[in-house]
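Novice: below are the sequence and a predicted model for it; my questions follow.
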Amino acid sequence: MRINCLSGILNYRSALLLAMLALCRPVLAQQVSLALLQPASLEPATPMVQSTYQPAPLPEAPSHRFWDRENSILFATSAAFSAADFVITKDNLSGGGRELNPVTRVFSGSTAGLAVNFAGETAGVIGLSYFFHKTGHHKMERYISMLNIGSSGAAVTYDLAHR
């Protein structure tokens, strides 16, 4: 039985690898050949005078406050889904269920450990979002919260479906 499971996983992974390689092949064929360029279009470059060149200042990137309305809603939703995941996970564990997440499984021995895990998850999401905010990656700042909401939502849905 175990060999059949492994062969199924390996077949799936090899099919996925072959599909990815097949899709990447056309990308490699998109190179421009220098033989196709017309000789008239190849003009010598004009020399640039370095002494009079002043670089133009770059425009300021649009910024926002970290605790703006959108981030506040995302963090509150992330915390709500983490709390729901905690409650349903604790209920399933007390009913004889098993934790599937290997990281959370370490903390699933006690209610306090499980609560610390989910609170740390929420704090980690906020901290990583703040890091991306400070480094100017404002889209990634929001995507981290959305990713956590999606993963917690999927965990809650799975736990509710397998009660």
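Specialist: Cool, got the structure.
Novice: quick check: which element contains residue 66?
Specialist: Assigned by DSSP states H and E, residue 66 belongs to neither a helix nor a strand.
Novice: run a quick neighbour tally on the residue lying closest to it once chain neighbours are set aside.
Specialist: Leaving aside its sequence neighbours, residue 66 sits nearest to residue 133 (CB to CB, 6 or more residues apart in numbering; 5.0 Å). Any C-beta I mention is one placed from the backbone N, CA and C, and that applies to glycine too. Using other CB atoms under 10 Å, residue 133 has 20 neighbouring residues.
Novice: and the contacts of stretch 103-122?
Specialist: 75, 78-79, 82-83, 85-86, 89-90, 93, 99, 148 (CB atoms under 8 Å, 6 or more residues apart in numbering).
Novice: do I have it right that residue 155 meets residue 85?
Specialist: Yes: assessed by CB atoms under 8 Å, residue 155 is found in contact with residue 85 at 5.1 Å.
Novice: which one of these two is surrounded by more residues?
Specialist: Neighbour count, other CB under 10 Å: between residue 155 and residue 85, residue 85 has more, with 24 against 19.
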